[in-house]
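Enquirer: here are the coordinates; sequence isn't available:
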């Protein structure tokens with residue numbers, strides 16, 4: 001009951017935030033990639049291939065897309081938790097919990113996957129797909145290594161299918177996940193028989209995504225090669241393996257640690273000594289007090305964005321510490337058991353038939369022939385705990401903070417190990433995560449990613465096919481005007497080269513399509529080289545494209561990149577419209593809600609090859 005009550009505000013806040021805000025940088029990048037995946041020919045991040053059918057399904061409505069993205073994340077986390085909590089070798093006890101308790105706790109743990117959206121735009125992105133895919137790989141791996149019969153085949157199929165989705169989201173994460181799967185196979189022996197299903201499922205899933213988006217295998221291979229070249233040209237991604245500073249914001253660590261200890265004690269002691277109904281009262285009081293005290297304090301903090309970013313890391317670190325304690329306790333119990341067994345054996349012979357054997361689990365959770373040992377179960381637990389590292393690998397941000405967004409992959413194994421404690425303490429990780437998630441959401445919505453507070457997003461703006469969003473009083477009329485400008489000038493479904501270096505969301509509002517890459521990041525050493533590479537990779541589209549330019553933008557890409565087409569902005573284009581847009585803070589420059597950009601149309605005809 002307390003867990004369900006703790007999840008209610010989480011769900012309410014997701015619904016409240018879904019129609020609010022539109023950051024022109026990352027949010028616009030996500031939306032442009034999802035709206036036009038076939039036009040992305042020089043970028044490695046191909047998450048749009050997966051989410052584009054969903055956008056079509058909801059008729060282009062951004063709010064509906066955001067809600068579906070959140071639901072898919074919770075569903076993936078729930079499925080992972082359900083499977084792990086039903087796997088004896090991963091549990092701290094001989095039997096899985098009852099179906100109802102197992103289902104409720106699985107949903108609570110699945111909600112922890114929403115940490116990927118705390119402090120980031122709410123639109124589904126490569127981060128969202130990356131976590132969903134890694135949860136799928138981890139779920140399939142547990143099924144393949146701990147079950148038998150057709151369930152093993154299902155497990156490997158899930159590993160292969162989710163592995164392809166991880167590749168589309170973030171190839172670096174997919175590579176680490178593949179290594180973790182291989183390590184698991186080497187440790188848990190005798191599970192190679194159906195492993196061929198994984199690559200077969202990868203091929204079938206790849207074919208399905210290509211079919212849904214009208215792509216060919218050759219186009220996907222070419223995009224991957226070109227994306228690698230773009231990443232090398234851009235620069236700034238050289239140090240993939242590094243040791244980043246460990247986050248430790250006191251305003252976050254102290255209350256979360258106190259909450260975790262209080263919840264663990266209450267779950268472990270009160271529920272064991274009295275009626276469960278009475279035990280919910282102190283839990284409810286502690287939970288409500290934590291949320292009511294921390295939510296406004298974190299939201300008003302000058303470091304609200306830091307708290308939202310690092311909250312997942314603190315939860316994941318506490319869960320990892322709990323697993324270490326559980327592992328040490330298991331090792332101590334095993335040593336004592338071996339000592340008692342040795343004394344019994346040396347005291348006199350025993351008939352083999354009298355030696356007790358582990359009881360078989362329920363039919364739905366049976367172990368395979370050649371069942372893995374308890375040690376193999378702990379190795380598999382360690383492998384699962386390393387999946388957040390796969391999630392983070394390849395990011396330019398702090399690796400610890402990035403891994404924390406995938407802390408659900410640590411919380412679930414910890415919960416499984418606590419099942420055998422003989423009390424309700426196994427509920428503590430899910431309940432703690434749910435209670436911490438609410439104030440983190442409040443802090444994030446008060447200081448969202450490159451946009452004013454969502455509490456100021458109260459004015460409805462009709463954004464055409466994207467539906468209606470609630471934006472700030474300043475942004476709403478200007479976003480609607482941008483949509484109208486695109487309709488008036490015929491930009492919808494036309495190509496646009498964005499030279500602002502930081503406003504793919506403006507191109508999305510205009511209704512334009514990307515030329516090679518949705519967002520050519522300005523401000524990097526190789527930004528202009530990447531822009532030329534994108535233009536050359538989609539030359540015919542570039543020759544017909546409008547050009548969006550803001551000469552005052554701090555991350556502007558110089559118009560000289562148009563010489564890749566043999567053109568000059570002043571000579572070969574004419575200004576046809578001017579728009580005011582929200583420009584995010586970059587390079588130490590403040591937010592500008594009234595930045596101005598000019599839209600140009602080519603006055604020269606395409607070459608004969610593109611005519």
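Expert: Right, received. Where do you want to start? In this text the structure is predicted, and so the values were computed from the model without any measurement. Numbering: from 1, shown residues only.

Enquirer: can we go C-alpha only for contacts and neighbour counts from here?
Expert: Noted.

Enquirer: quick one: residues contacting residue 71.
Expert: Residue 71 sits next to no residue when contact means C-alpha atoms under 8 Å, 6 or more residues apart in numbering.

Enquirer: could you report the pLDDT at it?
Expert: The predicted structure scores residue 71 at 96 on the pLDDT scale.

Enquirer: again, but for residue 363
Expert: Looking at residue 363, the pLDDT reads 38.

Enquirer: just the helices in the stretch 251-400 of the chain please.
Expert: 271-273, 276-300, 304-346, 374-385, 387-392, 399-404 (DSSP state H, counting those that start in this stretch).

Enquirer: got TSV for those helices, with distance to residue 431 too?
Expert: Below are these laid out as TSV (distance: least, C-alpha to C-alpha, whole Å):
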stretch	distance to residue 431
helix 271-273	14
helix 276-300	9
helix 304-346	12
helix 374-385	19
helix 387-392	20
helix 399-404	17
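
Enquirer: residue 515: which of the ones you listed is closest?
Expert: Ranking the helices of the stretch 251-400 of the chain by proximity to residue 515 (C-alpha to C-alpha) places helix 387-392 first, at 28.4 Å.

Enquirer: which helix or which strand is home to the spatially most central residue of the chain?
Expert: The structure's the chain has its C-alpha centroid closest to residue 128; by C-alpha atoms, centre = their mean the separation is 2.9 Å. Assigned by DSSP states H and E, residue 128 falls within helix 126-146.

Enquirer: after that helix, next one along is what?
Expert: helix 150-169.

Enquirer: which helices and strands sit right next to that next one?
Expert: helix 126-146, helix 171-187, helix 197-213 (3 or more C-alpha pairs under 8 Å, 6 or more residues apart in numbering; DSSP states H and E).

Enquirer: CSV for those, including distance to residue 521 and mean pLDDT?
Expert: CSV is the format used below for the helices and strands packed on helix 150-169 (distance: least, C-alpha to C-alpha, whole Å; pLDDT from 0 to 100):
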stretch, distance to residue 521, mean pLDDT
helix 126-146, 16, 95
helix 171-187, 19, 93
helix 197-213, 25, 94
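
Enquirer: and the helices of the stretch 251-400 of the chain: which comes nearest residue 86?
Expert: Between these, helix 374-385 lies closest to residue 86; by C-alpha to C-alpha that is 13.0 Å.

Enquirer: if we can go back for a sec, of all the helices of the stretch 251-400 of the chain, which one is nearest residue 115?
Expert: Closest among these, using C-alpha to C-alpha: helix 304-346, at 6.2 Å.

Enquirer: let me know which of the helices and strands packed on helix 150-169 is tucked in deepest.
Expert: Most buried of those, by mean neighbour count (mean count of other C-alpha atoms under 10 Å): helix 126-146, with a mean of 26.

Enquirer: and it, what does it pack onto?
Expert: By 3+ C-alpha pairs under 8 Å, 6+ apart, helix 126-146 packs against helix 62-84, helix 150-169, helix 171-187, helix 387-392.

Enquirer: in terms of secondary structure, what does the last one contact?
Expert: For helix 387-392, the contact count by 3+ C-alpha pairs under 8 Å, 6+ apart identifies helix 126-146, helix 171-187, helix 399-404, helix 408-417 as packing neighbours.

Enquirer: switch to 6 Å and redo it
Expert: helix 171-187, helix 399-404 (3 or more C-alpha pairs under 6 Å, 6 or more residues apart in numbering; DSSP states H and E).

Enquirer: in CSV, list the ones you listed along with distance to residue 29.
Expert: CSV is the format used below for the helices and strands packed on helix 387-392 (distance: least, C-alpha to C-alpha, whole Å):
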stretch, distance to residue 29
helix 171-187, 18
helix 399-404, 19
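
Enquirer: quick one: low-confidence residue ranges for the chain.
Expert: Within the chain, the ranges that satisfy pLDDT under 70 run 92-94, 189-191, 236-238, 270-279, 333-374, 422, 585-593.
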